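Visitor: What would the 3D arrangement of this be:
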Amino acid sequence: MQNEQNNLTKIYADLLDEHRAWLGGFGNDRLKKWEDLLNKNSCEAAICEAAAQKLFSEHGCVVEPYHLNKGPDFKCTKNSSRFYVETTCITIEAATKETSLSNMSPQPTQAQAFGMMTQKFLGEICNKTPQCSGLDAPCIVVIGTLHFQASCLCFQDWAAEELLTGTPYITQKINIQMGEPVGEIYESTRLEGAAFIRPQKDAPTWIEHARNPISAVLICGFGSNPPEVLGCLHPNPNYHFDRTLLSNIRFCKLTDGYQNGSLKVEWI
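Guide: Numbers count the residues shown, from 1 in each chain. Next up is the predicted model:
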């Protein structure tokens, strides 16, 4: 574990030095808290936090640390708009367990089966919802990993779309009297793994919103270079996020009609 931590701090040395210099401008207490995170078993979380800060800074945002002991990690301003950012990290070990992918590229490169990370993404979103509550502006949750293969394979369009619609199923109607399939095969969902919508408890054929304090999610494969970064917009958050503030990042959203069960995703 210690050797892996040392290797990561060497690989990301330039990023860490940049973040250290940036954070030092806001006082020793903030810097010490981050250094403690870096030097303990949460080194990957500290690196993802630094990568997130750099990501928003490179998009022209003025980034500042938020509250020292509670709430999201950053407050960002751009074009007179304000939003908050909460970062979270899926460790290399957790990503390996979830996907069965090695952190290293297979040699020689070959076809391989791997698991999806939708449920892992959802778990991080659920855990971070309380820290996004009670704010006065939109809040974005950044989910990052330093796992190389997971960053390349599991942070793609389909992964972001699944966060909005839930795990898809290949479905076909069956004539139970004849025991034969009827009609065409189609795709359906039970909203398992959907981040922002779920079936109503008392009327499961109807949809209700969930985790409204979160305005958007960025899934960030920081283990690849350049990082794979995609956004998902909440259809009905407490505060709507203006995605044009991050114009170089592709965002997806549910199209109108999702309330009635017509789940389609568009990229903007």
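
Visitor: pull the longest helix from the chain.
Guide: As assigned by DSSP state H, the longest helix anywhere in the chain is helix 43-58.

Visitor: what comes up buried for that helix?
Guide: Of the residues in helix 43-58, 43-57 count as buried by neighbour count, 16 or more other CB atoms under 10 Å. Quick note: C-beta positions are derived from backbone N, CA and C, even for glycine.

Visitor: what residues does the helix or strand that E266 is a member of touch?
Guide: If you go by DSSP states H and E, E266 is part of strand 265-267. Here strand 265-267 makes contact (CB atoms under 8 Å, 6 or more residues apart in numbering) with D157, E161, L164, T165, R250, F251, C252, K253, L254, T255.

Visitor: what's the next secondary structure element after the longest helix of the chain?
Guide: Trace forward from helix 43-58 with DSSP H and E and the next one is strand 62-65.

Visitor: Can you tell me which helix or strand of this structure has the lowest average pLDDT?
Guide: For the chain, using mean pLDDT, DSSP states H and E, the weakest element among its helices and strands is strand 168-175, scoring a mean of 57.

Visitor: Which residue ranges of the protein form strands?
Guide: For the chain, the strands defined by DSSP state E occupy 62-65, 74-78, 81-90, 139-145, 168-175, 180-189, 197-199, 207-209, 216-221, 228-233, 250-254, 265-267.

Visitor: Of these, which shows the lowest average pLDDT?
Guide: Sorting the strands of the chain by mean pLDDT places strand 168-175 lowest, at a mean of 57.

Visitor: Which one of the strands of the chain lies nearest to R243?
Guide: Comparing those against R243 with CB to CB, the closest turns out to be strand 250-254 (4.6 Å).

Visitor: can you give me the offset of that closest one from its chain's centre?
Guide: 13 Å (CA atoms, centre = their mean, to the nearest Å).
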